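Attaching a predicted model along with its sequence, questions to come.
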Amino acid sequence: MSAELRANELVILKTIAETLNQSNEMESVLSLVLAKLLELTNLKAGWIFRVSKEPDSGHSCLSAEGIPQALARNEMAPLKLKSCWCIDRFRDGRLKHAVNILSCERLEEEAMIAVGDTEGISHHATIPLWAGQEMFGILNVASPGKKHFSDEELALLQSVAFQIGTAIERTMLYRMQQKRAVHFAKLGEITRSLGRLLATDKIAGESVQRFGEAFDIPLVTVFIQEGDNLSPRTEFMNGKVYTCCSSYSMRSLGPIAQAYRQQEVIRFDRSIADNSNPKTKVLYPEIRSGVAVPIILRDEPIGVFFIGSPQKQYFDTVDAEVARAFTDHISLAYENARVYEQRRDLARSEERNRLARDLHDSVSQMLFSLNLTSRGLESMLGETEPLVKEALTDIRQLSQNSLTEMRSLILQLRPAGLEHGLLTGLAQYGRQIGLSITTHVEGVRELPRMVEEALWRIGQEALNNVIKHARSKNAIIRLCSTLDHVYFEITDDGIGFTKERRTRQVKFGMHTMRERAEALGGTFNVQSQKGKGTMIQITLPLSIMKNA
């Protein structure tokens, strides 16, 4: 047979190449080429295994032609149910080229139990299959009574295996392109609704449900950063959305925390954490494969979008690409909602200020004039007209009361919390959220409304950061006003943070504070040391806002 193979080697390789180009469907290609290979080489049986890198992930028989009854019984159960020497050798990297198998465990076992006929097949050749740089599986060929394949035969089989590997790589790329096109078309449909969400508390639930239903994902979760932990806000599991209130440490979340810390997509095919360690808290012990994508807002991670499955190798690179693209839309949804809330607050504030100005400039002035006029008329009448004087007194008192009510209303129309002034309002707010507040003020002057409102919002955010991140109950607020500038400072005695960890701890709240300061032409600065607390400093110019 060797001489015949040498004479027909080019014909065989040409025919195999033509066969491989007949389809882009992997199973169809493998069946066609296996049948053609056996026909051209006068071999009787052949089968192709798909072998996973992971030992506990098993293998599958993708194609089989002419196999004996002993291997074909029970829907090829002997080929599917257990591993063997050739599979183990390929998986651990020792099977580099085509080899003779001196004894086949499967055939020997079937011959021993005598359940089916091996039809004279006892040995086979095994050839590794690679799809580019990725290990794919093995090709086995055999014939009755054939116990040895010559070097020439093995070389030909190896050449055929190279061709098959190239075809497998092509079909895998084709399949991936098809999947990518279908998935991104679905993605376009489900992301349109995210842009219409204007409430941040609805984004997580809407995201997990739409993604899970569209792509039939067993588990979809949105994690949001809370201090040093990650909190799963909502989960899509078994077709239902669940709201979560728990929080988990980074060390218990494995690749999920890794995606958050490294700000990159993590795809894995293993358990999230070591289940054998009783000290390790595992959120999803049943998950064996997943994709974790950081949710980035203004260059800072605020959480993680996670998809998972109890099956290993459930997700491929296309799934990771789609998850990443969808997470970008989640970030945009959060940003849109944040901008909308800021615009709504600004519009509300501007309307309140407009009403306050109108009331002050018109109604208050008229009431004040009415009060003065009635007082003047009272003094002019003296005691000559007691009834008229009494009526004027009533008018004066009513106008005075109305003026007092109007001033109170004008104060109420200022931003909520500022009725009694900036420092008093912030001190009250801090105490409401559980802080002990100390205030210091230097220089007394009325601040422009825009400045006062900006410092009020910045102060609220800074105090929220103290209670959430600093692990402190004490805060000092300083306000210093000069002719041209106002200096605002909030200090805590909490745990602080290093410069390297700043981006992972305080998040986009600081970006909001910086934006508010810079929008008024001011500066924003943060000073912090681990174990020595944090100081936030704001400087705003007053000279350009004298008419604000």
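Done, it's in.

so where's the stretch 151-300 of the chain shaky on pLDDT?
Across the stretch 151-300 of the chain, the ranges flagged by pLDDT under 70 are 227, 271-282.

Start from the N-terminal end of it and give the helices.
Assigned by DSSP state H, counting those that start in this stretch, the helices in the stretch 151-300 of the chain fall at 151-191, 200-215, 255-262.

Can you tell me which of the ones you listed is nearest to S362?
helix 200-215 (38.7 Å; CB to CB). For glycine as for every other residue, the C-beta is placed from the backbone atoms N, C-alpha and C.

if we can go back for a sec, could the helices of the stretch 151-300 of the chain go into JSON lines alongside distance to Q313 and mean neighbour count?
Putting the helices of the stretch 151-300 of the chain into JSON lines (distance: least, CB to CB, whole Å; neighbours: other CB atoms under 10 Å) gives the following:
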{"stretch": "helix 151-191", "distance to Q313": "13", "mean neighbour count": "17"}
{"stretch": "helix 200-215", "distance to Q313": "16", "mean neighbour count": "20"}
{"stretch": "helix 255-262", "distance to Q313": "15", "mean neighbour count": "21"}
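
of those helices, which approaches C61 most closely?
helix 151-191 (15.2 Å).

Now do the residue nearest to the spatial centre of the chain against L253, distance only.
Centroid-nearest residue in the chain, with CA atoms, centre = their mean: F305, separated by 2.6 Å. Using CB to CB, to the nearest Å, F305 is found at 13 Å from L253.

ditto for L79
39 Å.

now D88
33 Å.

More neighbours: which of those two?
L253 (25 against 13; other CB atoms under 10 Å).

That one touches G290, doesn't it?
No: with contacts counted by CB atoms under 8 Å, L253 stays clear of G290, the gap being 10.9 Å.

In the stretch 1-150 of the chain, where is pLDDT below threshold?
1-7, 54-57, 114-115.

any chance you could map the helices in it?
For the stretch 1-150 of the chain, helices defined by DSSP H, counting those that start in this stretch occupy the ranges 2-20, 26-41, 69-80, 85-91, 105-113.

Could you provide those in CSV, with additional columns for distance to Q428?
As requested, the helices of the stretch 1-150 of the chain are exported to CSV (distance: least, CB to CB, whole Å):
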stretch, distance to Q428
helix 2-20, 77
helix 26-41, 69
helix 69-80, 71
helix 85-91, 67
helix 105-113, 79
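
Relative to Q262, which of these is closest?
Of all the helices of the stretch 1-150 of the chain, helix 85-91 comes closest under CB to CB, at 29.1 Å.

mind checking the end-to-end distance for stretch 220-232?
10 Å (CA to CA, to the nearest Å).

okay, and the common contacts of F305 and L253?
The contact sets of F305 and L253 overlap at F223 (CB atoms under 8 Å, 6 or more residues apart in numbering).

possible to save the helices of the stretch 151-300 of the chain as TSV with distance to I395?
As requested, those are exported to TSV (distance: least, CB to CB, whole Å):
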stretch	distance to I395
helix 151-191	65
helix 200-215	52
helix 255-262	69
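
closest to N401 out of the ones you listed?
helix 200-215 (43.4 Å).

And T41, how far from L381?
129 Å.

hmm, back to that, out of the helices of the stretch 151-300 of the chain, which is closest to S364?
helix 200-215 (38.7 Å).

quick one: the closest one to chain centroid distance?
With CA atoms, centre = their mean, to the nearest Å as the basis, helix 200-215 stands 12 Å off its chain's centre.

go on, stretch 337-353?
Its chain's C-alpha centre and that of stretch 337-353 lie 28 Å apart, by CA atoms, centre = their mean.

now swap in stretch 347-355 and tell me
Offset of stretch 347-355 from its chain centre (CA atoms, centre = their mean): 37 Å.

Offset the numbering so it begins at 632, please.
Taking 632 as the first residue, the last one we looked at is stretch 978-986.

can you tell me the average pLDDT over that stretch?
Per-residue pLDDT over stretch 978-986 has a mean of 74.

got the buried residues for that stretch?
980, 983-984 (16 or more other CB atoms under 10 Å).

so of the residues you listed, which ones are in helices?
980, 983-984 (DSSP state H).

I769: which of these is nearest?
Checking these against I769 with CB to CB, the nearest one is S980 at 70.7 Å.

thinking the closest one is in contact with M1081, fair?
No: between S980 and M1081 there is no contact under CB under 8 Å: 9.1 Å.

For F1119, which non-adjacent residue is closest in space?
Ranked by CB to CB, 6 or more residues apart in numbering and with sequence neighbours excluded, the top spatial neighbour of F1119 is I1169, at 4.2 Å.

Assign the one you found to helix, strand or coil.
The three-state label given to I1169 by DSSP: H, G, I helix; E, B strand; the rest coil is strand.

check contacts around it.
The neighbours of I1169, taking CB under 8 Å, 6+ apart as the test, are 1086, 1089, 1118-1120, 1144, 1148, 1153-1156.

Please flag which of these sit within strands.
If you go by DSSP state E, the contacts of I1169 have 1118-1120, 1154-1156 in strands.

so the residue nearest to F1119 bridges to which residues?
F1119, F1155 (DSSP bridges).

Okay, it and R1147: tell me how far apart.
With distances taken as CB to CB, I1169 is found 9 Å from R1147.

what touches both of the two?
Joint contacts of I1169 and R1147 (CB under 8 Å, 6+ apart) are I1089.

just so I know, which of the helices of the stretch 632-781 of the chain lies nearest S774?
Ranking the helices of the stretch 632-781 of the chain by proximity to S774 (CB to CB) places helix 657-672 first, at 8.8 Å.

a markdown table for the ones in helices among the buried residues of stretch 978-986, including distance to R929?
Formatted as a markdown table, these follow (distance: CB to CB, whole Å):
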| residue | distance to R929 |
| --- | --- |
| S980 | 23 |
| R983 | 28 |
| N984 | 28 |
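
Return the closest of these with respect to S862.
Distance to S862, by CB to CB, is smallest for S980 among those, at 30.9 Å.

For that closest one, give its distance to V682.
In this view, S980 and V682 are 65 Å apart by CB to CB.

next one: R801
Going from R801 to V682 by CB to CB gives 20 Å.

Same question for P863.
35 Å.

before we move on, what about I821?
From I821 over to V682 the distance is 36 Å, taken as CB to CB.

Same check on E640?
For E640 relative to V682 (CB to CB), the value is 27 Å.

Domain map for this structure?
Segmentation of the chain into domains, based on automatic domain parsing, reads 633-809, 824-972, 1049-1179.

and the end-to-end length of stretch 866-885?
18 Å.

contacts for it?
836, 839-840, 842-844, 848-852, 854, 857, 859-865, 888, 891-892, 899, 902-904, 911-914.

If we go by neighbour counts, what in it is buried?
866-868, 872, 875, 879, 881, 883-885.

Also stretch 725-732?
Within stretch 725-732, the residues that qualify as buried are 726, 729-730, 732, counting by 16+ other CB under 10 Å.

For E837, see how far away the residue nearest to E895 when sequence neighbours are not counted is.
Distance criterion CB to CB, 6+ apart; nearest residue to E895, sequence neighbours excluded, is P925 at 7.1 Å. According to CB to CB, P925 and E837 sit 19 Å apart.
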